[in-house]
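1. Below: sequence and its predicted model.
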Amino acid sequence: YTKKDGLVGNAIRSILEDSKGRLWFGTDEGISVYDGFTFKSITKQKGLSGSTVLCLLEDFEHNILAGTDDGGINKIKAIKPDSFFIQVFNDTKGLSSNAVFDMLEDKEHTIWAATYNGGINALHPNKEGYAIKVISGKNNIPSDMLLTVSKDVDGNLWFGSYDAGTFKLDISKISCTQLSVVSFNSSNGLEGNSVWDILFTSSKNIWFATSENGVKRFIPQKNSLKHKIESYTTKQGLSSNQILSFFEDREQNIWIGTNGDGLCMLTGDYFSHYTLKDGLLNAQIQAIDQDANGNFWLATEGGLTVMSHNEGSPLFKTYTEKDGLSSNMLSSIAVGKATNQNVWIGTTNKGIIKFDGKHFLTYNESNGLVSDRVNCLQVDSKGILWCGTANGISRYDGVNFLNVSTKGMKMNDEGVKSIIEDKKGM
């Protein structure tokens, strides 16, 4: 889709799927809202405080928050399908900077905004909108030029900065006189001070994507405040030092999507590289799973790819709409290992697809799926398929769908993005 199709701008800065299944696109010329049929535009002429929208977030009340590069934060509430009420929070309302690069909401519904040249802004909801608390200055945090914010399993916030690496903030002690901040940068092992993205893995390691210095792995030491930082660049075998995406598979391999140099898989300290020349159907890898025979199944934006090994050499087989897929726009994949050994494929707007090795069969809302917008899939130890969608969870036993909506689960975000099974089968 381009401006010719109704998109307000061709430069996409941020994307959000809301709880109603609508897609929000932050561009350099405003916001486009897509309901599956048409685009609705929200621009400066319609009340938006800035044209370039860097980040989007849906809060617990289903308002959309839009962070801009020069207009602060816009709180957008849909009044009617074609009508939006916009409330602006910028430097005149207490925000320390109008350049908002990233945001997240904690369990107390506080919005944490990473701003450029303004440090951290904590927005606490009140009757007027928000009470804003600013945390900035070298005496409080390592840098005010912030690019990203993420939350770990303990509720700590991790911020990536442009010039001072990354730092961890313990928000449980935010009301104390002295802030609890731990910093990691080039002076203590984090090569490269520009951190653009952060990934938390199952082994409790933390991965950082840098703009020019590859990938860094932060390894906390048990029963100690000490840590170890490992660096992975082109010198260690990474195909590019510019990183676009992270993924951790069930074998704890780290898959890394680079900026134009294909896919890398890190197993231990060994890199494997895969590009279009090797047989990849599409360079945009959305999800990966492994079957009982050790084959890798890749869901991409161009269809399905199966990667197998023959005496160490990878072999690729691809499937697209021409082969029976209901859509090439794939979002997720899950392969059964026991009683249900089918390959299950999630799509962005056409439901789920079952592949038995010979035939593709599609299930969607007309068959009982809670939503056709599928975010994640999981086949449990009993062979039951669990689907995380924009509107809730669907459980499929091979005969019937049992659904639980996001409203029924009292969820406050844009849908179910991840499903796992614990050791007890829960």
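-> Perfect, thanks for sending it. Numbers count the residues shown, from 1 in each chain.
2. What segments of the stretch 101-250 of the chain are strands?
-> 111-115, 119-126, 129-135, 146-151, 157-161, 166-169, 181-184, 195-200, 206-210, 215-220, 227-232, 243-248 (DSSP state E, counting those that start in this stretch).
3. Can you lay out those strands as a markdown table showing mean pLDDT, mean neighbour count and distance to Phe89?
-> C-beta here means a position set from N, CA and C on the backbone, and glycine is covered the same way. Shown next, in a markdown table, are those (pLDDT from 0 to 100; neighbours: other C-beta atoms under 10 Å; distance: least, C-beta to C-beta, whole Å):
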| stretch | mean pLDDT | mean neighbour count | distance to Phe89 |
| --- | --- | --- | --- |
| strand 111-115 | 95 | 25 | 9 |
| strand 119-126 | 94 | 19 | 7 |
| strand 129-135 | 92 | 17 | 6 |
| strand 146-151 | 90 | 22 | 17 |
| strand 157-161 | 92 | 24 | 19 |
| strand 166-169 | 89 | 22 | 21 |
| strand 181-184 | 84 | 18 | 25 |
| strand 195-200 | 83 | 20 | 25 |
| strand 206-210 | 85 | 24 | 29 |
| strand 215-220 | 83 | 19 | 33 |
| strand 227-232 | 82 | 16 | 36 |
| strand 243-248 | 68 | 18 | 30 |
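4. Save these as TSV, and put in distance to Ser32 too.
-> What follows is the strands of the stretch 101-250 of the chain, written out as TSV (distance: least, C-beta to C-beta, whole Å):
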stretch	distance to Ser32
strand 111-115	22
strand 119-126	25
strand 129-135	25
strand 146-151	23
strand 157-161	27
strand 166-169	32
strand 181-184	37
strand 195-200	24
strand 206-210	27
strand 215-220	32
strand 227-232	37
strand 243-248	22
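5. Between the ones you listed, which one is closest to Leu23.
-> strand 243-248 (18.9 Å; C-beta to C-beta).
6. how long is stretch 138-148 end to end?
-> Counting by C-alpha to C-alpha, to the nearest Å, you get 18 Å between the two ends of stretch 138-148.
7. which residues of the stretch 1-150 of the chain score low on pLDDT?
-> 1, 81-82 (pLDDT under 70).
8. let's see it at 80
-> 1-2, 5, 10-12, 36, 79-82, 138-139 (pLDDT under 80).
9. ok, now the stretch 201-350 of the chain?
-> In the stretch 201-350 of the chain, residues with pLDDT under 80: 211, 220-227, 242-251, 255-263, 268-269, 272-285, 294, 309-314, 337-341.
10. So what does Lys93 have for phi and psi?
-> phi -110, psi 10 (degrees, to the nearest 10).
11. ok, now how distant is it from Ser326?
-> 47 Å (C-beta to C-beta, to the nearest Å).
12. Have a look at these two and say which one is more surrounded.
-> Ser326 (19 against 15; other C-beta atoms under 10 Å).
13. which SS class is the more buried one?
-> Look at Ser326: counting by DSSP: H, G, I helix; E, B strand; the rest coil, its state is coil.
14. what does Phe85 give?
-> strand.
15. contacting residues around the residue nearest to it when sequence neighbours are not counted?
-> Leaving aside its chain neighbours, Phe85 sits nearest to Lys77 (4.6 Å; criterion: C-beta to C-beta, 6 or more residues apart in numbering). By C-beta atoms under 8 Å, 6 or more residues apart in numbering, Lys77 lies in contact with Asn63, Ile64, Phe84, Phe85, Ile86, Gln87.
16. Pick out whichever of those sits closest to Glu365.
-> Nearest to Glu365 among the contacts of Lys77, with distances taken as C-beta to C-beta, is Ile64, at 23.9 Å.
17. count of residues packed around that closest one?
-> Neighbour tally, Ile64, other C-beta under 10 Å: 23.
18. give me the beta-bridge partners of the nearest residue to it once chain neighbours are set aside?
-> Of all residues not flanking Ile64 in the chain, Ile76 sits nearest, at 4.4 Å (C-beta to C-beta, 6+ apart). Beta-bridge pairing for Ile76 (DSSP bridges): Ile64, Ile86.
19. Please report the distance of Ile15 from Ile384.
-> Between Ile15 and Ile384 the computed distance is 31 Å (C-beta to C-beta).
20. Those two - which one has more neighbours?
-> Using other C-beta under 10 Å, the more surrounded residue of Ile15 and Ile384 is Ile384, with 17 against 10.
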